[in-house]
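> Sequence first, predicted coordinates after that:
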Amino acid sequence: MERVRIDLGGGCRLRCPFCRDWRRGRPLRSMTEIEEEISAIDLSRTSTLVFSAGEPTSHPRLGEIAARALARGVARLELHTHAADKPALEKIVAVAGDRLSAVVALHSVDPRLNSALAGRDGVLARTSAGIEYLLASGVPVALTTCLTRANLRELPALPEAVKTRWPDIERLILSWYVPPIVREGGQGLRNDPLYLPPRRGEKILHETLVGARRVGLNVSGSLDWPLVPCLFEAPADLAGLFPHGPGVALEKRRGPCALCLFAGMCTGLSALQRHHARGHPLRPVSDPASPLLRRHTTRFETVESALNKYLQGRERADTADHSPAPRGEVSEVVVRLTERCNQRCPFCCAPSGARDLPEELIEAQLAEAISLAPRVIALSGGEPTLVPEVLLSAVRRLHAARVACISLQTNAVRLAEGPLSAELKATGLREAFVSLHGHCDEIYDQSTGTRGQFELALRGIDALLEVGCRVNVNHVLSIINLAHFEHFVGFLAARFGRRVILTISLAHPVGSDLDRFQALTPRIAALRAPLRRGLERALQVGIEFQGLDGPCGVPYCALGDDPRFHSDEALLTRPSETPEFRHGPPCERCAARPRCLGLRDFQARIHGFGDLEPVD
């Protein structure tokens, strides 16, 4: 599904020196022109209509335009605005309600500097009032800041200032000012008072990301972020800022790019970047464990050590020491067929890298899994559909062994076209566990480190349903998508009806990879309200959900004592202690204590137990 942008014409009352829209002096577009453009939208491929370019709130019929778009069948509206015109915001909120989100430009929290960067006095107060109105109306708000030489030094303090003033804002999008003309020899860059060379801002950017993790604010680079990792001294420290694009075609990679592991997600050097590359050797990403790749690769020495790494589910989940389970006492075992994946989800903890697994290791995993006689054996990766022949062979092997349920863990992108879904079903596949972490292109792209795969994933789910596989949609909640959870549930119901089951989990680290997850995992206090709204929506539309009472879910008290939100798993008696979970003082007076695993250890260490609310 695509995000379609629509330009309403007109200018902008602000005069931001780094923005070119207000200089164009374009007239407002007529309702006839706009209606024709809205009528031409392909609803089968469009998830969100974005009002951007210039200042959309300057159009006197914005509310009417929004109403026409929604009546046409557009699912979501996104407003890119300076939010300084509250009456205009009121008009579109009245029409769009919970189908609206906003991206608000805020280039400084210092009134004087903001006025200088906005080209108008008093803008900060009006923008702040607009942000507060949108948040009070239930509209998800992200902030966008253009990084220039003028506001560089205040950037590290910005995340804390934002979260202090607007705790409900979860996302800050950074863009980098690009001068309109890059003159021969870079003369124009040296004379531009706002332009900031990449390496001059690198330390400040790193400090900003550290500060953002501390206060729980997700910081990302804009989709048109103009700088690639190799222009920086330590790009791994800035991993979250580089959007993963479609990549440079293999046959077009030259020099250092041919050796770079990031090249498959990098758009390559622009004219601006080539200027900065002069005199600085480009550093290709060569470490598969680099945070730039958002994934981790480890090597194994023996088959047994590899089984310990790749084969999941051999241990008993109901014991503190995870002792090996006897035959028949394991419900599910996960067999990994490859490390390779076509996505880079920042919260993924599966072993992955750039290689397929040797045949003997796959066979060892299958034999071990079959010997445990579990109810379910799940084939996973990496992304197992990247090795279709290996996948089909594994399904045949398990079917011949009379495994009760053969499941596939996949993002379904490779199932969108071709006969693979039908072949898997015919061979013995019974169900699929499909990752879908967003309801529109933007959220899906951020959650998977890709571009253009959202529609393919949806078509892959369609293909699985058409051949008769049961589909369980896996939705990992993170800072990226939490505010949109209710809309995701509504989208899921509209797109697939009651044909899918929704499994919900919370992003959490494995091992010591805590820094990344401090910025990804919402606090329990921030999660409680949007999670409950989404579950209420699921009950209304008839979407079956599960997972929140399990080890990848949330503490029992995050959902309260409402039995509608809890599964049968919440009735189980839990172990008093496990290595991954902790109970704190509030748990001692909680009636749900015997049935609750507690708070993840890393959350307890970072945030303490203050977010827990004991159940009477």
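Noted; the coordinates are in hand. Residues are numbered from 1 along each chain as shown.
> got the contact list for residue 176?
146, 147, 196, 225, 226, 227 (CB atoms under 8 Å, 6 or more residues apart in numbering). C-beta: built from backbone N, CA, C; applies to glycine.
> Just the ones of the residues you listed in strands?
146, 147 (DSSP state E).
> Dump the contacts of residue 176 into TSV; add neighbour count, distance to residue 95 and pLDDT as well.
Putting the contacts of residue 176 into TSV (neighbours: other CB atoms under 10 Å; distance: CB to CB, whole Å; pLDDT from 0 to 100) gives the following:
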residue	neighbour count	distance to residue 95	pLDDT
146	23	29	88
147	22	34	87
196	18	39	77
225	17	32	72
226	16	35	67
227	22	38	73
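> what's the closest of the contacts of residue 176 to residue 158?
Here the nearest of those to residue 158, counting by CB to CB, is residue 147; it sits at 10.3 Å.
> Show me what the closest one is bridged to.
residue 176 (DSSP bridges).
> And the next helix or strand past the lowest-mean-pLDDT helix or strand in the chain?
Using mean pLDDT, DSSP states H and E, the weakest-scoring helix or strand in the chain turns out to be helix 303-310, at a mean of 53. Following helix 303-310 in sequence order, the next helix or strand is strand 332-336 (DSSP states H and E).
> Alpha carbons of that next one, as PDB, please.
The C-alpha coordinates for strand 332-336 follow below in PDB (Å, rounded to 0.1, in the frame of the first residue of the first chain):
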ATOM      1  CA  GLU A 332       6.400 -25.800  19.500                       C
ATOM      2  CA  VAL A 333       9.900 -26.000  18.100                       C
ATOM      3  CA  VAL A 334      11.400 -23.500  15.700                       C
ATOM      4  CA  VAL A 335      13.700 -24.700  13.000                       C
ATOM      5  CA  ARG A 336      15.800 -22.100  11.100                       C
END
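> how far does that strand sit from the chain's center?
Centre-to-centre, strand 332-336 and its host chain are 25 Å apart (CA atoms, centre = their mean, to the nearest Å).
> Counting neighbours, which bits of the helix or strand following that strand end up buried?
In the C-terminal direction, the helix or strand that comes right after strand 332-336 (DSSP H and E) is helix 359-371. Residues 361, 362, 364, 365, 366, 368, 369, 370 are the ones in helix 359-371 that count as buried (16 or more other CB atoms under 10 Å).
> three-state assignment of residue 407?
strand (DSSP: H, G, I helix; E, B strand; the rest coil).
> what bridges to it?
Per DSSP bridges, the residues bridged to residue 407 are residue 378, residue 431.
> Please identify the helix or strand for the residue nearest to residue 92 when sequence neighbours are not counted.
Distances taken as CB to CB, 6 or more residues apart in numbering place residue 66 nearest to residue 92, at 5.0 Å, with adjacent residues excluded. Using DSSP H and E, residue 66 sits within helix 62-72.
> what helices or strands is that helix leaning on?
Helix 62-72 sits against helix 31-39, strand 46-52, strand 76-81, helix 86-96, with contacts defined as 3 or more CB pairs under 8 Å, 6 or more residues apart in numbering; DSSP states H and E.
> re earlier: do you know how far the residue nearest to residue 92 is from residue 14?
With distances taken as CB to CB, to the nearest Å, residue 66 is found 22 Å from residue 14.
> if you count what's nearby, which of the two comes out ahead?
residue 66 (24 against 19; other CB atoms under 10 Å).
> That one contacts residue 93, doesn't it?
No: using CB atoms under 8 Å as the test, residue 66 is too far from residue 93 to be in contact (9.3 Å).
> intersection of neighbour lists for the two?
Residues touching both residue 66 and residue 93 (CB under 8 Å, 6+ apart) are residue 100.
> Would you check how far apart the closest residue to residue 365 other than its chain neighbours and residue 378 are?
Spatially, and ignoring its direct neighbours in sequence, residue 365 is nearest to residue 335 (4.5 Å; CB to CB, 6+ apart). From residue 335 across to residue 378, the span is 7 Å (CB to CB).
> Give me the more crowded residue out of the two.
Taking neighbours as other CB under 10 Å, residue 335 and residue 378 compare with residue 335 leading, 27 against 23.
> tell me which element the residue nearest to the spatial centre of the chain falls in.
Of all residues in the chain, the one closest to the mean position by CA atoms, centre = their mean is residue 447, 2.1 Å from it. Using DSSP H and E, residue 447 sits in helix 441-448.
> Who are the packing partners of that helix?
Using 3+ CB pairs under 8 Å, 6+ apart: helix 441-448 touches strand 2-7, strand 46-52, helix 454-466.
> can you redo those as a markdown table with mean pLDDT, mean neighbour count and distance to residue 586?
Listed next are the helices and strands packed on helix 441-448 as a markdown table, based on pLDDT from 0 to 100; neighbours: other CB atoms under 10 Å; distance: least, CB to CB, whole Å:
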| stretch | mean pLDDT | mean neighbour count | distance to residue 586 |
| --- | --- | --- | --- |
| strand 2-7 | 79 | 17 | 42 |
| strand 46-52 | 81 | 22 | 39 |
| helix 454-466 | 96 | 21 | 39 |
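> So which of those is nearest residue 74?
Across the helices and strands packed on helix 441-448, closest to residue 74 is strand 46-52 (CB to CB), at 4.7 Å.
> Please report the distance of residue 166 from residue 160.
Distance from residue 166 to residue 160, by CB to CB: 12 Å.
> out of the two, which sits in the busier spot?
Ranked by neighbour count (other CB under 10 Å), residue 166 and residue 160 place residue 166 first, with 18 against 14.
> so how far is residue 140 from that one?
Distance, residue 166 to residue 140, by CB to CB: 12 Å.
> Kindly report the same for residue 465.
30 Å.
> any idea of the angle the helix holding residue 447 forms with strand 76-81?
If you take axes from the mean of the first three to the mean of the last three CA atoms, to 10 degrees, helix 441-448 sits at 90 degrees to strand 76-81.
> Helix 441-448: how far from the chain's middle?
On CA atoms, centre = their mean, the centre of helix 441-448 falls 5 Å from that of its chain.
> Go through it and flag the buried ones.
So helix 441-448, judged by 16+ other CB under 10 Å, has buried residues 441, 442, 443, 444, 445, 446, 447, 448.
> Specify which member of those is nearest to residue 54.
Closest to residue 54, out of all of the buried residues of helix 441-448 and judged by CB to CB, is residue 442, at 20.3 Å.
> The closest one touches residue 76, doesn't it?
No: if you go by CB under 8 Å, residue 442 and residue 76 don't touch, sitting 9.8 Å apart.
> Can you check which residues contact both of those two?
Listed contacts common to residue 442 and residue 76 are residue 48; contacts here mean CB under 8 Å, 6+ apart.
> All the strands of the stretch 151-300 of the chain, residue numbers only.
In the stretch 151-300 of the chain, the segments counted as strands under DSSP state E, counting those that start in this stretch are 171-176, 218-221.
> so which of those strands comes closest to residue 132?
Among the strands of the stretch 151-300 of the chain, strand 171-176 sits nearest to residue 132 (CB to CB), with 16.9 Å.
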